[in-house]
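Student: here is my input; please provide its structure:
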Amino acid sequence: MLRAAPIAALGGLVVWIGSDLSSVADVRSARLLFGLLIVGLIFLVLATRLPRMWLRPIGLATLVAVYVIGHAMFLGVQVLPGLVFVVLLIGHAELRVLAERFARLYDVALTRTERGRIRRALGRAVFRLGVAAVLAVVVPVIAANLAVAGVVTLTTIPTAILLAGALVGVIAMLAILPSSRQRAA
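Tutor: Residues are numbered from 1 along each chain as shown. Down below sits the predicted model:
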């Protein structure tokens, strides 16, 4: 299941892009974007078969380019879905890292204690990923609502920098907290 999580996340992103592209009215442009989507998928499949580090980033960048071009030129820019798309893309990358790090540990014979420690570490990592994903979507939405309502008078770059700093601080706390708790024990 752990090895399938990044593939499922990527599959969801590809289905999302494909469904968006099916809404493009210009048939020639839609075909061109679908072709680019297929090229990106080919790069991603080759990245799983060939030991080349540069294939995966090209494939992911192609998927992002298709999404951005499709929305910027034909479908219109929608901030919240775009933000969710980016968060899911980052989530896919993190799930891939977790799968590479933890899946092979389950392949060897482990004691019940070792398996429990690995399961708890994986649970903490997934929890941090979930919190970061939720915060990455919720904090900008709340900030935009506060700015529109006039509660926060700063609606410029300093506000964005402060919010980004707060988000990084929360994520850093989530990352450091488990290791500091283990050292204290």
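
Student: C-alpha only now, for contacts and for neighbours.
Tutor: Will do.

Student: in the protein, what spans have low per-residue confidence?
Tutor: 143, 146-164, 167-168, 170-185 (pLDDT under 70).

Student: could you find the residue nearest the spatial middle of it?
Tutor: Ile90 (2.1 Å; Cα atoms, centre = their mean).

Student: what residues does whichever strand or helix holds that residue touch?
Tutor: Element membership of Ile90, judged by DSSP states H and E, is helix 79-102. The contact list for helix 79-102, computed with Cα atoms under 8 Å, 6 or more residues apart in numbering, reads 2-3, 5-7, 9-10, 13, 118, 122, 125, 129, 133, 136-137, 141.

Student: what are the buried residues along that helix?
Tutor: Buried residues in helix 79-102, defined by neighbour count with 16 or more other Cα atoms under 10 Å: 83-89, 91-96, 98-99, 102.

Student: quick one: the helix or strand following it to helix 79-102, angle?
Tutor: On the C-terminal side of helix 79-102, the nearest following helix or strand under DSSP H and E is helix 112-149. Angle of helix 112-149 versus helix 79-102, following axes from the mean of the first three to the mean of the last three Cα atoms, to 10 degrees, is 160 degrees.

Student: in PDB, list the C-alpha atoms belonging to the helix holding Ile90.
Tutor: Extracted as PDB, the C-alpha positions of helix 79-102 are listed here (Å, rounded to 0.1, in the frame of the first residue of the first chain):
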ATOM      1  CA  VAL A  79      -6.600  30.300  -7.300                       C
ATOM      2  CA  LEU A  80      -8.000  27.700  -4.900                       C
ATOM      3  CA  PRO A  81      -8.000  24.700  -7.300                       C
ATOM      4  CA  GLY A  82      -4.500  25.700  -8.500                       C
ATOM      5  CA  LEU A  83      -3.300  25.900  -4.900                       C
ATOM      6  CA  VAL A  84      -4.800  22.400  -4.200                       C
ATOM      7  CA  PHE A  85      -3.100  21.100  -7.300                       C
ATOM      8  CA  VAL A  86       0.300  22.400  -6.200                       C
ATOM      9  CA  VAL A  87      -0.200  20.900  -2.700                       C
ATOM     10  CA  LEU A  88      -1.200  17.500  -4.200                       C
ATOM     11  CA  LEU A  89       1.900  17.600  -6.500                       C
ATOM     12  CA  ILE A  90       4.100  18.300  -3.500                       C
ATOM     13  CA  GLY A  91       2.300  15.600  -1.600                       C
ATOM     14  CA  HIS A  92       3.000  13.200  -4.400                       C
ATOM     15  CA  ALA A  93       6.700  14.000  -4.100                       C
ATOM     16  CA  GLU A  94       6.700  13.500  -0.300                       C
ATOM     17  CA  LEU A  95       4.800  10.300  -0.600                       C
ATOM     18  CA  ARG A  96       7.400   9.000  -3.000                       C
ATOM     19  CA  VAL A  97      10.200   9.900  -0.600                       C
ATOM     20  CA  LEU A  98       8.300   8.100   2.300                       C
ATOM     21  CA  ALA A  99       7.700   5.100   0.100                       C
ATOM     22  CA  GLU A 100      11.400   4.900  -0.800                       C
ATOM     23  CA  ARG A 101      12.400   5.300   2.800                       C
ATOM     24  CA  PHE A 102      10.000   3.100   4.600                       C
END
